[in-house]
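Novice: here are the coordinates; sequence isn't available:
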């Protein structure tokens, strides 16, 4: 039986406009962590005032995402059908398996023996306030850790049959992609077509398990995992006139064996 232990650091970090706050290994543990919890105070310091969130293990970035990508990811994988609002002032970064049952979900943890860091980038509209970090640890021996990373696509509007090569050193479980102006998307992993949708029914294949209320970037959970070796994996898309442009990103959720995050 797994035992969970939750705690927090009462020493807060100061929030300011256009600033980055960083929690490091002196602020929080790494080994055994199945989730980090962050909370913000101060008027207006919510998801709407955050541009980027990064988690690092031994200086290696293993999570790098926008609040919008995070919100659709949590809504899609949460067994509690939980969804964050854009005005949320707290959130949890799950290293466990949120869509699994029982104690097996806790075999996935932050990389063992790695030094953690969390960076939260605030925009110019952030106000004076503070940030706190907490964590939940588990006494089960870990076998996996997750990555959730964004990749800029560099694909413009009204483009047909654009292929974006992709590779991952783990097993891919899902991905997020902007739906506005998306005419078609095909994800190929290890020469296997794992997910292909037309823009007109891009949401439908995801609605049978969890309700979808957030659309961009919509997270697609694969049933099972798939390796994504280089030269055999790619994303192929068609875009319409309302596609936001080259700055759009794809976000991939993947799992990796413990020990892959090496010391810096």
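Specialist: Okay, I see it. Just so it is clear, the structure is predicted and the values come from calculations on it, not from any experiment. Residues are numbered from 1 along each chain as shown.
Novice: tell me the contacts of the residue most central in space within the chain?
Specialist: Closest to where the C-alpha atoms of the chain average out (CA atoms, centre = their mean) is residue 148, at 4.0 Å. For residue 148, the contacting residues are 62, 63, 64, 65, 70, 73, 251, 252, 253, 254, by CB atoms under 8 Å, 6 or more residues apart in numbering. In this view, the C-beta of every residue, glycine as well, is placed from N, C-alpha and C.
Novice: Kindly present those as JSON lines, with separate columns for pLDDT.
Specialist: Shown next, in JSON lines, are the contacts of residue 148 (pLDDT from 0 to 100):
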{"residue": "62", "pLDDT": "97"}
{"residue": "63", "pLDDT": "98"}
{"residue": "64", "pLDDT": "98"}
{"residue": "65", "pLDDT": "96"}
{"residue": "70", "pLDDT": "95"}
{"residue": "73", "pLDDT": "93"}
{"residue": "251", "pLDDT": "97"}
{"residue": "252", "pLDDT": "97"}
{"residue": "253", "pLDDT": "97"}
{"residue": "254", "pLDDT": "97"}
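Novice: Take those residues and keep only those in strands.
Specialist: Judged by DSSP state E, these include 62, 63, 64, 65, 251, 252, 253, 254 as members of strands.
Novice: Got the domain ranges for this structure?
Specialist: Listed domain ranges for the chain are 4-142, 150-257 (source: automatic domain parsing).
Novice: Report the separation between the two terminal residues of stretch 196-207.
Specialist: 16 Å (CA to CA, to the nearest Å).
Novice: How far does that stretch sit from its chain's centre?
Specialist: Centre-to-centre, stretch 196-207 and its host chain are 21 Å apart (CA atoms, centre = their mean, to the nearest Å).
Novice: Please apply the same query to stretch 80-92.
Specialist: Distance, centroid of stretch 80-92 to centroid of chain: 14 Å (CA atoms, centre = their mean).
Novice: what does that stretch contact?
Specialist: So stretch 80-92 is contacted by 35-41, 45-48, 67, 70-71, 74-75, 210-211, 213-214 (CB under 8 Å, 6+ apart).
Novice: who touches residue 245 in this structure?
Specialist: By CB under 8 Å, 6+ apart, the neighbours of residue 245 are 156, 157.
Novice: hmm, I was thinking of residue 106
Specialist: Taking CB under 8 Å, 6+ apart, one finds 2, 4, 34, 96, 97, 138, 140, 142 in contact with residue 106.
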